[in-house]
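Need coordinates for the following:
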Amino acid sequence: MGYIFAFTAIFFALMKGFCGKKISNYTSRPQDAAYYNVIRMLICIVVGAILVAFEGTGFAVSLGVFTVSAFSGISLAVMVISWLMAARKSVYMLVDVYCTLSVAIPLALSAIFYNEKIDVYDVIGLTLLGIATYLIAGYSAKEKKQKLKLSDYVVLMLVFLSIGFTNFLQKVFTKISNGESVTVFNFYTYVFAAAVLVLFLVFTKKEKTTQKKKVNLKAYILVCFMALSLFANSLFATLAAGKLTSAQLFPLTQGSTLALAPVMAALFFGEKPRPRLIVGIVLCFSGLIIMNVL
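The predicted structure follows:
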């Protein structure tokens, strides 16, 4: 059952990635990314509240789950802003590789806190992921016809860290939950994420300009689809985290997404699969197979 949950999460992750890349065209500043993601989180909150009411479990949770939800929400808020900004600055595949590299965080933390074993194959796999990142970074620079700046790498590192911690916190919830449903955990995660994003907008608000911002209906439609994909992805990923170990789950979900991402990037975003990209993807996927199979 865990693998069914995992592959369902992968499907919605691809949908989320497609919508996110499209929305990145409308996000020239972090504030723009925060604005669209506030809407996205509000949709997730409404959907979550409806599902919690339908389940009949109520909104009461233990202090531990509430605390984990708070940290999960903060991490998610950082992730959604940094991901959109990174997708705008870099080619889609480079962002996806940093997402894949983030498996190192839940693997390491699960080994520390839950005694989940990291063996030599995991180390080899992560090394191959690192080499793949270097190759695809070069591809990104050529495709964009510009070198990535230090600030671009900072944004990509924020993607790496925030996704890694968000994934690990899903594992934490499955370990400390005492009957609380996954839906309630995700509901509070979105509540905290929305609160963080609103605070970000308040404290980074600039002087008002006389120029009115155009309302783009297409962007709002994409936000709605991305919100539903995010909710479904988080729900099934958390369910899978309760059935599979970190070494099984996170390499599988990120690796499958990475394997399918080039097809999507080529079909919809015009990113040609050049030799350097193909070698990087092969190394990345090989690393994930080594980590997950051997």
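
Sketch out the low-pLDDT regions of the stretch 151-294 of the chain for me.
206-216, 247-248, 250-251, 254-255, 258-259, 261-263, 269-271, 292, 294 (pLDDT under 70).

Could you do the stretch 1-150 of the chain as well?
The model of the stretch 1-150 of the chain has pLDDT under 70 over residues 89-93, 137, 139-146, 148.

and Ala132, what does it touch?
Ala132 makes contact with 97, 280-281, 283-284, 287, according to C-beta atoms under 8 Å, 6 or more residues apart in numbering. (C-beta placed from N, C-alpha, C; glycine too.)

How about Pro30?
By C-beta under 8 Å, 6+ apart, the neighbours of Pro30 are 81, 85, 200, 204.

Tell me which of those residues fall in helices.
Among those, the members falling in helices (DSSP state H) are 81, 85, 200.

got a markdown table for those, with neighbour count and distance to Ser28 too?
Conversion of these to a markdown table gives the following (neighbours: other C-beta atoms under 10 Å; distance: C-beta to C-beta, whole Å):
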| residue | neighbour count | distance to Ser28 |
| --- | --- | --- |
| Ile81 | 25 | 13 |
| Met85 | 24 | 9 |
| Phe200 | 20 | 16 |
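
and which of these is nearest Tyr153?
Proximity of these to Tyr153, judged by C-beta to C-beta, is greatest for Met85, which lies at 12.2 Å.

separation between the closest one and Asp152?
Applying C-beta to C-beta, to the nearest Å, the value for Met85 to Asp152 is 9 Å.

Next: Val123.
On the measure of C-beta to C-beta, Val123 and Asp152 end up 28 Å apart.

Neighbour count for those two, which is higher?
The neighbour count for Val123 versus Asp152, taken as other C-beta atoms under 10 Å, is higher for Asp152 (20 against 13).

which SS state does the more buried one fall under?
helix (DSSP: H, G, I helix; E, B strand; the rest coil).

separation between it and Leu158?
Taken as C-beta to C-beta, the span from Asp152 to Leu158 is 11 Å.

now Val47
26 Å.

swap in Glu180?
Distance of Glu180 to Leu158, given as C-beta to C-beta: 29 Å.

could you point out which element follows the host helix or strand of Thr67?
Using DSSP states H and E, Thr67 maps to helix 63-89. Heading C-terminal from helix 63-89, the first helix or strand you meet, by DSSP H and E, is helix 92-101.

relative to helix 63-89, how tilted is that next one?
Interaxial angle, helix 92-101 versus helix 63-89 (axes from the mean of the first three to the mean of the last three C-alpha atoms, to 10 degrees): 150 degrees.

tell me what the following helix or strand past helix 92-101 is packed against?
Next along the chain after helix 92-101, taking DSSP H and E as the criterion, comes helix 104-114. On a contact count with 3 or more C-beta pairs under 8 Å, 6 or more residues apart in numbering; DSSP states H and E, helix 104-114 meets helix 120-144, helix 150-176, helix 246-269.

For Ile118, grab phi and psi.
phi -110, psi 120 (degrees, to the nearest 10).

Distance-wise, check it relative to Leu129.
Distance of Ile118 to Leu129, computed by C-beta to C-beta: 14 Å.

out of these two, which sits in the busier spot?
Leu129 (29 against 17).

Excluding sequence neighbours, find me the nearest residue to the more buried one.
Leaving aside its sequence neighbours, Leu129 sits nearest to Gly287 (C-beta to C-beta, 6 or more residues apart in numbering; 4.7 Å).

Pull the distance from the helix or strand where that neighbour lies to the chain's centre.
Using DSSP H and E, Gly287 sits within helix 275-293. Remark: helix 275-293 is offset 20 Å from the chain centroid, using C-alpha atoms, centre = their mean, to the nearest Å.

Check which helices and strands that helix sits against.
Applying 3+ C-beta pairs under 8 Å, 6+ apart, one finds that helix 275-293 makes contact with helix 92-101, helix 120-144, helix 246-269.

hmm, 6 Å instead?
For helix 275-293, the packing partners by 3 or more C-beta pairs under 6 Å, 6 or more residues apart in numbering; DSSP states H and E come out as helix 120-144, helix 246-269.
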